[in-house]
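**Q** Using only what follows, build the 3D model:
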Amino acid sequence: MIVFRAVRPVPLGGLALVRVSGHGHGRRMGSNRRLLAAIQATHSAVFFVELASILWLVASGVMNRRDRSVAIAGGLVAVEGAVWLANERICPLTPLAERYGAASGSVSDIWLPDPIAKTIPQWSIPLVASGVVLHMRGFLAGRRRRG
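**A** Purely as a prediction, here's the structure:
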């Protein structure tokens, strides 16, 4: 029988990685480690795509640019926000990471510096709001010029 015991994240060069320890056959444990690493990599990739989308919404709003790339970025951010809110402000990858041995599957266990990981909602939500305001301002100004 295999027993997994998750321990605290191990800092590595400013990044929080999860160390998984257990007893039993190494093959099964190694498989879970690889799966957990894949979950963490996916979680990190989703974060970076979302961050790029949010920053693009702000930058394109400042430049008064509205095109397909803005629509795609806005759609990605909207879907991620809806999933996060519908799941009671918990990423669906969190319980999955915990199931495979993460001490905590929360965003602080993905490959990000702790100060960034622990404060994502505090700075990302205002950035999204800023992007929306900038695009609304540009949209309304364009309507006034045409009207």
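**Q** Nearest the middle, which residue of the chain would you pick?
**A** residue 47 (3.0 Å; C-alpha atoms, centre = their mean).
**Q** what about that one, distance to residue 41?
**A** Counting by C-beta to C-beta, to the nearest Å, the separation of residue 47 from residue 41 is 11 Å. Placement of C-beta: from N, CA and C, glycine included.
**Q** and if you look at residue 34?
**A** Look at residue 34 and residue 41: by C-beta to C-beta, they are 10 Å apart.
**Q** Also residue 79?
**A** Computed as C-beta to C-beta, the residue 79 to residue 41 distance reads 20 Å.
**Q** for residue 113, same thing?
**A** According to C-beta to C-beta, residue 113 stands 16 Å off from residue 41.
**Q** Same check on residue 71?
**A** The spacing between residue 71 and residue 41, counted by C-beta to C-beta, is 28 Å.
**Q** Same check on residue 78?
**A** Using C-beta to C-beta, we find residue 78 at a distance of 24 Å from residue 41.
**Q** Same check on residue 120?
**A** Separation of residue 120 from residue 41 (C-beta to C-beta) stands at 17 Å.
**Q** List the buried residues of the strand or helix carrying residue 115.
**A** Using DSSP states H and E, the element containing residue 115 is helix 114-117. Buried residues in helix 114-117, counting neighbours by 16 or more other C-beta atoms under 10 Å, are found at residue 117.
**Q** Tell me which helix or strand comes right after it.
**A** Defined by DSSP H and E, the subsequent element after helix 114-117 is helix 120-146.
**Q** Does residue 90 lie in a helix or a strand, and which?
**A** With elements taken from DSSP H and E, nothing contains residue 90; it lies in neither a helix nor a strand.
**Q** what helices or strands is the strand or helix carrying residue 44 leaning on?
**A** Per DSSP H and E: residue 44 is located in helix 26-62. Judged by 3 or more C-beta pairs under 8 Å, 6 or more residues apart in numbering; DSSP states H and E, the packing partners of helix 26-62 are strand 15-23, helix 68-86, helix 93-99, helix 120-146.
**Q** Please save the CA atoms from the helix holding residue 115 in CSV.
**A** Extracted C-alpha coordinates of helix 114-117, given in CSV (Å, rounded to 0.1, in the frame of the first residue of the first chain):
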residue,chain,number,x,y,z
ASP,A,114,5.6,33.8,-3.2
PRO,A,115,4.9,37.6,-3.1
ILE,A,116,3.3,37.4,-6.5
ALA,A,117,1.5,34.2,-6.0
